[in-house]
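Asker: using only what follows, build the 3D model:
(2 chains)
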Amino acid sequence: ETGVTQSPTHLIKTRGQQVTLRCSSQSGHNTVSWYQQALGQGPQFIFQYYREEENGRGNFPPRFSGLQFPNYSSELNVNALELDDSALYLCASSLGATNRVNTGELFFGEGSRLTVL
Amino acid sequence: QKEVEQNSGPLSVPEGAIASLNCTYSDRVSQSFFWYRQYSGKSPELIMSIYSNGDKEDGRFTAQLNKASQYVSLLIRDSQPSDSATYLCAVKGPGAGSYQLTFGKGTKLSVIP
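Answerer: Coordinates of the predicted model:
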C-alpha cells in the first residue's frame, strides 16, 4: 500500500511570489485535506477535497486555493506569499464517503517545508 | 471557536516510567479524539484514536476519554527514549463528511535514559 507522498520537500520563495505544492494520496483514499503547521504550533486546517470538490475550509484567505484530480491527487496553491506563510504544509488523506462511517483518522505525508524570505 | 489545550512541556520522565499527557477541548459536540506523535522535523503519525468514554489500550499506550469533563489523556507505560517526541491531541466534530481536525499545540516529551 502506497502512503501519502508530497513534493517538493523543501522550497524557498520570496514575498509576493506564488507556490504550488503537490500531494498523492494513499492508495484507496479519496479525500485529501491540507494543513499548515507553523513552528511550535499544531497543524491548522486549510481545506479538504472530496471527489474533486472543496468540502470544508478553515480560516484561511482566498489566496490559498486547491485542486483535486480524478486520481485523488491534489495541489495546494498559495498566491502573493507573505512572510507568515513560512510553515510546514501537510497533506493528509483518508477514506471518506458521506454514506459511510467517518472515523476521522488522517494519514499525513512528510510535508513540504516552505520558507518565505 | 473550537479550542484544544495541551501543556506545551517539556515533560521529562525517566526511562521505564509512565508518561501522562493531557488535553482538554472546548466543543462539547466533539465525537472523535486522536493522539498523534511527531518527531522533530517529521510529520504527525497517528498512534491512538478513541471515540467513547473510558479507556482504550494498545500495547504500551492507553488513551482515556471523559466527555463530561471534556478531557482526553494518553498514558505511555515503560517509556523509552524512542518515545521522545511532541504529542499532538486532535479533536473532530460530528458529521460524516468532515475531516477537519482541531489540533492542540502539542506536548514535548523527553524520556531520559
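Asker: got the contact list for B:Thr102?
Answerer: A:Phe45, B:Lys2, B:Glu3, B:Val4, B:Tyr25, B:Asp27, B:Ala90, B:Val91, B:Lys92, B:Gly93 (Cβ atoms under 8 Å, 6 or more residues apart in numbering or on different chains). To be clear about C-beta, it is placed using only N, CA and C from the backbone, and glycine gets the same treatment.
Asker: if I look at A:Glu54, how far off is B:Gly93?
Answerer: 18 Å (Cβ to Cβ, to the nearest Å).
Asker: picking up where we left off before, closest one to B:Ala68 out of the contacts of B:Thr102, please.
Answerer: B:Tyr25 (12.3 Å; Cβ to Cβ).
Asker: any idea how far the closest one is from B:Leu11?
Answerer: 19 Å.
Asker: these two: which is more packed in?
Answerer: B:Tyr25 (21 against 16; other Cβ atoms under 10 Å in any protein chain shown).
Asker: who does the more buried one bridge with?
Answerer: Beta bridges link B:Tyr25 to B:Val4 when assigned by DSSP bridges.
Asker: residues touching it, list them.
Answerer: B:Lys2, B:Glu3, B:Val4, B:Glu5, B:Phe33, B:Gln70, B:Val72, B:Cys89, B:Val91, B:Thr102.
Asker: tell me what the last one is bridged to.
Answerer: It refers to B:Thr102. B:Val91.
Asker: any idea how far the closest residue in space to B:Gln6 that isn't next to it in sequence is from B:Ile76?
Answerer: Spatially, and ignoring its direct neighbours in sequence, B:Gln6 is nearest to B:Gly104 (3.8 Å; Cβ to Cβ, 6 or more residues apart in numbering or on different chains). Applying Cβ to Cβ, the value for B:Gly104 to B:Ile76 is 17 Å.
Asker: secondary structure element for the residue nearest to B:Asn22 when sequence neighbours are not counted?
Answerer: Nearest residue to B:Asn22 in three dimensions, chain neighbours excluded: B:Ser73, at 5.0 Å (Cβ to Cβ, 6+ apart). Using DSSP states H and E, B:Ser73 maps to strand B:71-76.
Asker: got a list of contacts for that strand?
Answerer: Contacts of strand B:71-76 (Cβ under 8 Å, 6+ apart): B:18-25, B:33, B:35, B:48, B:50, B:60-66, B:83, B:87, B:89, B:91, B:109.
Asker: just the pLDDT for the closest residue in space to B:Ser26 that isn't next to it in sequence.
Answerer: Leaving aside its sequence neighbours, B:Ser26 sits nearest to B:Glu3 (Cβ to Cβ, 6+ apart; 4.3 Å). We note a pLDDT of 90 for B:Glu3 in this prediction.
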